[in-house]
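Asker: Structure for this input, please:
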Amino acid sequence: MGRYDDVYNAWREDPESLWAEAAKDIDWVKPWDRVLDDTNPPFYRWFAGGELNTAYNCLDRHVDGGRADQAAIIYDSPMTGNVERLTYRDLRDRVALFAGALRARGVGKGDRVIIYMPMIPETAVAMLACARIGAVHSVVFGGFAPNELATRIDDAKPKLIIAATCGLEPGRVIEYMPLIHKAIDLSKHKPDGTIVYARPEVPAFEMRQGDMLWDDALKDAEPAECVTVKATDPLYVLYTSGTTGQPKGVVRDNGGHAVALKWSMKNLYDVDPGTTFWAASDVGWVVGHSYIVYAPLLHGATAILFEGKPVGTPDPGTFWRVIADHDVQVMFTAPTAFRAIKQQDPKGEFIGKYDLSKFRILFLAGERADSDTIQWAEKQLQVPVIDHWWQTETGWPMAINPMGIEALPVKYGSPGKPVPGYDIRIVNDANEEVKRGDMGAIVVKLPLPPGALPTLWNAEQRFRDAYLTDYPGYYKTADAGYMDEDGYLYVMARTDDIINVAGHRLSTGAMEEVLSQHPDVAECAVFGVADQMKGQLPLGLIVLKAGVERDVDEIRNDCIQMIRNQIGAVAAFRLVTPVKRLPKTRSGKVLRATMQKIADGEEFKTPATIDDPAILDEIRVSLEDLGYPKR
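Answerer: Prediction:
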């Protein structure tokens, strides 16, 4: 029995006491009436009756408490060559002024604001400014296509959009405003306008009614004070892929979120206030929300905001240069990044060029971390390399090797043990727990801890249906796996049609909806195939309509471009081929899981319910034409 067991078992015996103690590290305007309000299950609420302001806890209290001149955010952009250090005082002042600009545009408590911006300091300013005045922000990744943005506009109904003129990729500039204007044209809800930060790479754009430059919005603005909100009021809505193609608006509250993220920085990541922490992600994803912006600032640490790629900006040594330049002690990124670095620099020659003596721990998450990549990183960096597992919905880790509580032995292939607050179980289809070592659905006993989603935006029934119905009493993670005799979790596969492309959760159902719009496509199926670099890639099989005589390559190129236009380049959709027919059950269900096993070269049993087993041989030939399974 080590310290992890002591902490976890103490939580199991008295779940509320851990969080009541952790909440003392947050400044409250009004204390809570109840740590956990369980009067309306399954809609549990943490710190009910409590009042606070998240932006105050991220900024003002640190300015007043002696950290005014400490770096809050270090912006490092190999794309532009810019490095900018914002102290807690700098960031507090910028946030207060921009919050005043939002207030002058009529944005107030409870209003939604969509943020469509790249990895620049103004993005963090926009998020925190919304939090300061009690507005609810919804960040949309700048690589998403107009129709994806339009669905989020119609669901969130934002009063305003905050944007930049462009995002930067190696070798190209992506103009944002044409995408935003097209999205607004497609949406039923019409925001009042857009505040636009003009980047030097695209200094001008077509102005529409209601559009305003960032600098102009600040000219007459007065700094806004922090607005008190309820602990149970929403801080942000972040959209994640849904199995129907309609994104789900994950709600994050203010109180539980602040408590859980502050607690996680030391206990899970072993980060002390005043030290530098780097989550190499994007603010469009949950990692960027939790561990670029909110958790480090709640904790009084220094966060790195990085605009670049692990390779190619300019070389495979980019990560090591940033770590050395800014004294990064702890880093968190996706396994995809390290697979890319490993591919370009297999011997780790670039690592030797930099002083990494202060670097202590590397965390990996966002997809399964293969043992080869972990061991390569361990060998090259000579520090612990820790896999861990969580989801957009939870907002912070569910399973980890909790380095701040106790450094447990590493088991390759496992993201660690359950985090205090998460009662993780493995169950079968009858909702019965299975034996240790047996595969099953990974679920979490309710209630979920502070910081996890309390519901979906304006969709309580969908919240029930998506997460709570299949396994009553539990949260459905939609992942499958097992737990070993030592309590280590192994996450093996998804149980729905969400695939993980380089850490980005994408719906194959949404891709199928796009492909089905092609005039020559009768039906289609999209599923994920294993990829050494990105974790998974989408593969599409299309059945052409009878009589189609167009060149197959033209149709294939059409399909690829349609996915790029309607889902975005993040889908990395390049694998598509025509087939005569799709394997189905007698009831008409397409056997995607079986096709995925064929493509990945895994053993499988022909489903007893298949309509015609001969179709699988046809599929095998078509997949071989695409190079699957990999030899």
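
Asker: show me where pLDDT drops low in the stretch 301-450 of the chain?
Answerer: The model of the stretch 301-450 of the chain has no residue with pLDDT under 70.

Asker: What are the boundaries of the strands in it?
Answerer: 302-306, 328-333, 361-364, 385-387, 399-400, 417-418, 424-427, 440-445 (DSSP state E, counting those that start in this stretch).

Asker: Pick the most buried one from those.
Answerer: strand 399-400 (a mean of 27; mean count of other C-beta atoms under 10 Å). (C-beta placed from N, C-alpha, C; glycine too.)

Asker: re the thing from before, make JSON lines out of the strands of the stretch 301-450 of the chain and add distance to residue 281.
Answerer: Listed next are these as JSON lines, based on distance: least, C-beta to C-beta, whole Å:
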{"stretch": "strand 302-306", "distance to residue 281": "9"}
{"stretch": "strand 328-333", "distance to residue 281": "7"}
{"stretch": "strand 361-364", "distance to residue 281": "11"}
{"stretch": "strand 385-387", "distance to residue 281": "16"}
{"stretch": "strand 399-400", "distance to residue 281": "16"}
{"stretch": "strand 417-418", "distance to residue 281": "23"}
{"stretch": "strand 424-427", "distance to residue 281": "24"}
{"stretch": "strand 440-445", "distance to residue 281": "23"}
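
Asker: The helix or strand containing residue 98 vs strand 302-306, what angle?
Answerer: For residue 98, the element it lies in under DSSP states H and E is helix 88-104. Angle, helix 88-104 to strand 302-306, by axes from the mean of the first three to the mean of the last three C-alpha atoms, to 10 degrees: 60 degrees.

Asker: chain center to helix 88-104, what's the gap?
Answerer: Relative to the centre of its chain, helix 88-104 is centred 26 Å away, using C-alpha atoms, centre = their mean, to the nearest Å.

Asker: State the distance from the residue of the chain most remote from its centre to residue 520.
Answerer: Distance from the C-alpha centroid of the chain, by C-alpha atoms, centre = their mean, peaks at residue 547 (43.2 Å). Applying C-beta to C-beta, to the nearest Å, the value for residue 547 to residue 520 is 10 Å.

Asker: Tell me how far residue 184 lies from residue 441.
Answerer: Counting by C-beta to C-beta - residue 184 and residue 441 are separated by 40 Å.

Asker: What of residue 565?
Answerer: From residue 565 to residue 441 the distance is 35 Å (C-beta to C-beta).

Asker: for the residue nearest to residue 87 when sequence neighbours are not counted, what are its contacts?
Answerer: Using C-beta to C-beta, 6 or more residues apart in numbering and skipping residues adjacent in sequence, the residue nearest residue 87 is residue 69, 5.3 Å away. Going by C-beta atoms under 8 Å, 6 or more residues apart in numbering, residue 69 touches 87-89.

Asker: same deal with residue 447?
Answerer: 36, 38, 41-42, 44.

Asker: Report the contact partners of the nearest residue to residue 49 once chain neighbours are set aside.
Answerer: Distance criterion C-beta to C-beta, 6+ apart; nearest residue to residue 49, sequence neighbours excluded, is residue 33 at 3.1 Å. Going by C-beta under 8 Å, 6+ apart, residue 33 touches 48-50.

Asker: Buried only: go through those residues for me.
Answerer: Neighbour counting with 16 or more other C-beta atoms under 10 Å marks 48, 50 as buried within the contacts of residue 33.

Asker: Filter the contacts of residue 33 down to the ones in strands?
Answerer: Within those, residues falling in strands by DSSP state E are residue 48.

Asker: any idea which of the contacts of residue 33 is the one closest to residue 394?
Answerer: residue 48 (20.1 Å; C-beta to C-beta).

Asker: ok, now which ones touch that closest one?
Answerer: Contacts of residue 48 (C-beta under 8 Å, 6+ apart): 32-34, 36-37, 231-232.

Asker: so what pLDDT did residue 608 get?
Answerer: For residue 608, the model assigns a pLDDT of 62.

Asker: cool, residue 242 as well?
Answerer: 62.

Asker: now do the one 3 residues further on
Answerer: With respect to pLDDT, residue 245 has a value of 62.

Asker: okay, the stretch of helix or strand residue 5 belongs to in PDB with CA atoms only?
Answerer: Assessed by DSSP H and E, residue 5 sits inside helix 3-13. What follows is helix 3-13, C-alpha atoms only, in PDB (Å, rounded to 0.1, in the frame of the first residue of the first chain):
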ATOM      1  CA  ARG A   3       0.400   6.800  -1.000                       C
ATOM      2  CA  TYR A   4      -1.700   6.400  -4.200                       C
ATOM      3  CA  ASP A   5      -3.700   3.700  -2.500                       C
ATOM      4  CA  ASP A   6      -4.100   5.800   0.600                       C
ATOM      5  CA  VAL A   7      -5.500   8.800  -1.400                       C
ATOM      6  CA  TYR A   8      -7.700   6.700  -3.600                       C
ATOM      7  CA  ASN A   9      -9.100   4.600  -0.800                       C
ATOM      8  CA  ALA A  10      -9.700   7.800   1.300                       C
ATOM      9  CA  TRP A  11     -11.700   9.200  -1.600                       C
ATOM     10  CA  ARG A  12     -13.700   6.000  -2.000                       C
ATOM     11  CA  GLU A  13     -14.600   6.100   1.700                       C
END
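
Asker: Quick one: list the elements packing against the very next helix or strand once past that helix.
Answerer: For helix 3-13, the succeeding helix or strand toward the C-terminus, using DSSP H and E, is helix 15-22. Applying 3 or more C-beta pairs under 8 Å, 6 or more residues apart in numbering; DSSP states H and E, one finds that helix 15-22 contacts helix 3-13, strand 34-37, helix 255-267.

Asker: change it to 7 Å
Answerer: strand 34-37, helix 255-267 (3 or more C-beta pairs under 7 Å, 6 or more residues apart in numbering; DSSP states H and E).

Asker: any chance of these in TSV, plus distance to residue 299?
Answerer: Output for those, formatted as TSV (distance: least, C-beta to C-beta, whole Å):
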stretch	distance to residue 299
strand 34-37	21
helix 255-267	4
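
Asker: Generate a markdown table for those, with mean neighbour count, distance to residue 25 and mean pLDDT as supplementary columns.
Answerer: Shown next, in a markdown table, are the helices and strands packed on helix 15-22 (neighbours: other C-beta atoms under 10 Å; distance: least, C-beta to C-beta, whole Å; pLDDT from 0 to 100):
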| stretch | mean neighbour count | distance to residue 25 | mean pLDDT |
| --- | --- | --- | --- |
| strand 34-37 | 18 | 14 | 98 |
| helix 255-267 | 26 | 5 | 98 |
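
Asker: closest one to residue 129 among the ones you listed?
Answerer: Comparing the helices and strands packed on helix 15-22 under C-beta to C-beta, the one sitting nearest is helix 255-267, at 16.9 Å.

Asker: Having no further points to raise, I will conclude here.
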